[in-house]
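A.B. asks: need coordinates for the following:
(one chain, ligands or ions: 1)
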Amino acid sequence: MKKLNLAVLISGSGSNLQALIEACAQPDYPAKINAVISNRPGAFGLQRAEKAGIPAETIDHTKYATRGDFEKVLHNVLGKYNVDLICLAGFMRILTPEFIAKWEGKIINTHPALLPRHGGKGMYGEHVHKAVLAAGDAESGVTIHYVIPDVDRGEIILQKRVKVENGDTHESLAKRVLTEEHEAYVEAVRMIAEKKS
Ligand code: GAR
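C.D. replies: The predicted structure is shown next:
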């Protein structure tokens, strides 16, 4: 089986990365992670990568004057790892249209809500769950989607739904969404790999 070569981009804990590491450890899973890249030094996900024996690199965005300068380095680092698909997994940087054009159709993201609801600039992490609760939505969930310049508007690969419970806080909702997210990400990468093979 020819495996899909992944680069996973993170900024923090990397629990979605962990789900992908565990899936890729299964011999019949059609993808492998060639590199993990963090824009934040000390992101916990870097330790997860090292523990799994995956090359881990940090590109600290604060060291670059412009988004473009940061992305030039990112593009070059990705070039070392024979990457078929870039998986954004809690990567908290918006990518420029120029970068996205270089990797057209090869970047996917996980978003912790049912897009197109509660997406776009400024909608990440706890802001998303707070917005879901403030809107009084009966359900939330996760969306795995392709990345296009229009933030959180790319083609949806799959969604999983989560009920909003009475008394939910943004923390309790985030926790349940994250559990679904792990399964959804693993499933979405499998779908893409199987389509390509
Ligand atoms: C995930 O819930 C992901 O959807 C969210 O950050 C969390 C990262 O968790 N991403 C966004 O909000 C992007 N808009 P993780 O680091 O444990 O995988």
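A.B. asks: show me what contacts residue 35?
C.D. replies: Neighbouring residues of residue 35 by CB atoms under 8 Å, 6 or more residues apart in numbering: 7-8, 54-57, 77-78, 80-81, 83. No exception for glycine: its C-beta is placed from N, CA and C like everyone else's.
A.B. asks: now intersect those with the strands, please.
C.D. replies: 7-8, 56-57 (DSSP state E).
A.B. asks: coming back round to it: mind putting the contacts of residue 35 into a markdown table with pLDDT and neighbour count?
C.D. replies: Formatted as a markdown table, the contacts of residue 35 follow (pLDDT from 0 to 100; neighbours: other CB atoms under 10 Å):
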| residue | pLDDT | neighbour count |
| --- | --- | --- |
| 7 | 98 | 27 |
| 8 | 99 | 30 |
| 54 | 98 | 21 |
| 55 | 98 | 15 |
| 56 | 98 | 22 |
| 57 | 98 | 17 |
| 77 | 98 | 17 |
| 78 | 98 | 22 |
| 80 | 97 | 12 |
| 81 | 98 | 16 |
| 83 | 98 | 20 |
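A.B. asks: quick one on the thing from earlier: could I get the ones in strands among the contacts of residue 35 as CSV with distance to the ligand?
C.D. replies: Shown next, in CSV, are those (distance: CB to the nearest ligand atom, whole Å):
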residue, distance to the ligand
7, 15
8, 9
56, 14
57, 17
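A.B. asks: spit out the contact partners of the closest residue to the ligand within the chain.
C.D. replies: As assessed by CB to the nearest ligand atom, the ligand sits closest to residue 90 within the chain, at 2.6 Å. Taking CB under 8 Å, 6+ apart, we find residue 90 in contact with 10-17, 45, 110.
A.B. asks: do that again at 10 Å, thanks
C.D. replies: 8-17, 38, 43, 45, 109-110, 112, 124-125, 178, 181 (CB atoms under 10 Å, 6 or more residues apart in numbering).
A.B. asks: where do the strands sit along the protein?
C.D. replies: 4-10, 31-38, 56-58, 85-88, 107-111, 139-146, 156-163.
A.B. asks: partner strands of the fourth one, parallel or antiparallel?
C.D. replies: Strand 85-88 sits in its sheet next to strand 4-10 (parallel), strand 107-111 (parallel), going by DSSP bridges.
A.B. asks: please apply the same query to the last one.
C.D. replies: Next to strand 156-163 in the sheet, as set by DSSP bridges, lie strand 139-146 (antiparallel).
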